[in-house]
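Visitor: Show me the folded form of this:
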Amino acid sequence: MNKNEIFSEQPSEEILPKGHSRRSFLGLAGGLLAVGSLFNASCDNKDNNPNPEGVLLTQDDIGILNYAYALKQLEAAFYQKIFDTGVYNTATSEEIALLTDIRDHEVAHRELLKAILGSKAIDALSFNFAGINFKDKKAVLDTAKLLEDIGVSGINGVAVHVVNTDYLKLLGKIASVEARHAAYIRDLLIDGTFASGDAQVGMNGLEMSKNPSVVLAAASTFITTQIINRLP
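Guide: A predicted model of the protein is given here:
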């Protein structure tokens, strides 16, 4: 698989056919990125970390990709923790299936970014989810909602600074899938609220963007690795 295959547009048959379930909808959304998860997997993935006490997000496209990679590491680790501890007690089979799809999307995003970054990827981060009761549905979904929201608003907040158009296209596709996750998590919390703005959508109908310092402050609740932020 080559780089052009990763960044190419998907054919029209990828559009969701009428009558498909929401699970199929999520599966198709993730397929766009999962196909590229092995790109450059054979390259040197030695971490580029000149700061032994933490990781550095540089003020360039690589720093922005590493920022997205850090957020994907966090989300993938969180969803994996849901399954490692056992999905909350009241979960239905549909909920388990959809959370599985979301977890798989996050892992695909993480591995795709890691492969594209190659030797310039930051270290694997460490996390602490001790404050979450993974047996309680609301505690799990409130955390999922927070992480999906900062995933969307965080990528939107740095997109204007991306120079490489291939990277910009990639981040746009990731943010689109994250927004679908956020909508479904809202619907699990309160049925019918999947399109609720909930302070995430501005008066002009556009998603609210957040700068990296705000996003990383929210993520620091769970990330124990020091992140040195030099992003614009």
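Visitor: from the middle of its chain, how far away would stretch 101-112 be?
Guide: How far stretch 101-112 lies from its chain's middle: 8 Å, per CA atoms, centre = their mean, to the nearest Å.
Visitor: model confidence over that stretch, on average?
Guide: Regarding stretch 101-112, the rounded mean pLDDT is 98.
Visitor: can you tell me the helix or strand for residue 138?
Guide: helix 137-159 (DSSP states H and E).
Visitor: Not counting residues beside it along the chain, what's closest to the residue nearest the centre of the chain?
Guide: By CA atoms, centre = their mean, the chain has its centre lying nearest to residue 72, at 4.3 Å. Nearest residue to residue 72 in three dimensions, chain neighbours excluded: residue 110, at 4.0 Å (CB to CB, 6 or more residues apart in numbering). In this view, the C-beta of every residue, glycine as well, is placed from N, C-alpha and C.
Visitor: who does the helix holding residue 138 touch, helix- and strand-wise?
Guide: helix 61-85, helix 165-189, helix 212-219 (3 or more CB pairs under 8 Å, 6 or more residues apart in numbering; DSSP states H and E).
Visitor: hmm, back to that, who's in contact with the residue nearest to residue 72?
Guide: 69, 72, 73, 75, 76 (CB atoms under 8 Å, 6 or more residues apart in numbering).
Visitor: Let's have those residues in TSV, adding distance to residue 225 and pLDDT.
Guide: Output for these, formatted as TSV (distance: CB to CB, whole Å; pLDDT from 0 to 100):
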residue	distance to residue 225	pLDDT
69	12	98
72	14	98
73	9	98
75	15	98
76	15	98
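Visitor: Perfect, that will be all.
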